[in-house]
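**Q** Build me a structure from this.
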Amino acid sequence: MFSLLEQYKEREGDCDVPRNHKEDEKNLGSWLNAQRLDKKKGRLDAKRESGLDEIGVVWDVLSQKWETMFALLLQYNNREGDCNVPSRHIEDGTNLGWWLKKQRADKKRGTLDIVKEKQLEDVGIVWNVYEHEWDRTINILMQYKNREGDCNVPYDHEEDGKKLGWWLSNKRQDKKRGILDTIKEKQLEELGIVWDVLEYGWDEFSKLLIQYKNREGDCNVPRDHKEDGKNLGDWFSRQNYGKLSEVRQERLREIGVIWDNPRIRTK
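**A** Residues are numbered from 1 along each chain as shown. Prediction:
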């Protein structure tokens, strides 16, 4: 069998024989695995062990595989600038993303070797991807607010490659369903997030209506009138008395809206 192993190495360049591999109809992979087990149990003949060492047999296959994957991670890091490998990313034909996901799972279960854990941390691994992504997105939202003055991000807006508007819409839905973490909810509120966008929009238009009335003396807003760049006239013409909540009816009444105005629908 040793001669078959030499033959395999000469052809393949190493002794990493797959477990089910046959060489000249002989179960070379199974034989080599048996030698590894004998060495692990301390019953492998010293002369045979020496011969296998000289030909380049790797005794701890899992450890070698781990180091190979770690080298690919370093390669990715050197090229991309971080270790945020997508879960399906293939590096040099190997599923690096899946491997890294498994390391995170092992870390979470407490089964990751402490030496390997340190190696991964030294290269910049993020263990909790969700928390890392949350913090990154919050920083992007702060950037948007510092520039625009508010957190009213349009749904289709992208910021630094992040679908910020879509993300924020999801957080509003999470809040509505009661599944948004309270700490994260507080973070967003401190930034000035508006949870009910429709209610906020209505309130903003009602403020513009007050501004118009203070200037013009009435609420007879022309349909095509814009106030501070907003289509106040169009908004006003769409206020249907019969469909408004009592709170909104009262709010407009306090501002001075006359409901029998022919421009206001009452049914």
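**Q** quick one: the helices in the stretch 101-250 of the chain?
**A** Here the stretch 101-250 of the chain has its helices, by DSSP state H, counting those that start in this stretch, at 114-122, 129-148, 164-177, 182-191, 197-216, 232-237, 246-255.
**Q** Could you save those helices as TSV and add columns showing distance to residue 9 and mean neighbour count?
**A** Where C-beta positions appear, they are placed from N, C-alpha and C, glycine not excepted. Formatted as TSV, these follow (distance: least, CB to CB, whole Å; neighbours: other CB atoms under 10 Å):
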stretch	distance to residue 9	mean neighbour count
helix 114-122	28	13
helix 129-148	40	14
helix 164-177	53	15
helix 182-191	56	12
helix 197-216	67	15
helix 232-237	79	19
helix 246-255	82	13
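**Q** Compare these and give me the one nearest residue 17.
**A** helix 114-122 (25.0 Å; CB to CB).
**Q** For the spatially most distant residue from the centre of the chain, give me its contacts.
**A** Distance from the C-alpha centroid of the chain, by CA atoms, centre = their mean, peaks at residue 47 (53.7 Å). Neighbouring residues of residue 47 by CB atoms under 8 Å, 6 or more residues apart in numbering: there are none.
**Q** measure it to residue 8 for me?
**A** Distance, residue 47 to residue 8, using CB to CB, to the nearest Å: 21 Å.
**Q** so where's the chain shaky on pLDDT?
**A** 61-62, 260-267 (pLDDT under 70).
**Q** Domain boundaries for it, per the record?
**A** Using automatic domain parsing, the domains assigned to the chain come out as 2-55, 61-122, 141-191, 197-255.
**Q** May I see those arranged in TSV, with distance to residue 132 as well?
**A** Formatted as TSV, the domains of the chain follow (distance: least, CB to CB, whole Å):
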stretch	distance to residue 132
domain 2-55	35
domain 61-122	8
domain 141-191	13
domain 197-255	28
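**Q** Quick check, central residue of this structure?
**A** Note: the chain centre (CA atoms, centre = their mean) maps to residue 133, 5.3 Å.
**Q** and residue 105, how far is that from residue 63?
**A** From residue 105 over to residue 63 the distance is 19 Å, taken as CB to CB.
**Q** do the same with residue 131
**A** 30 Å.
**Q** Residue 146 now?
**A** 49 Å.
**Q** now do residue 228
**A** For residue 228, the distance to residue 63 equals 67 Å [CB to CB].
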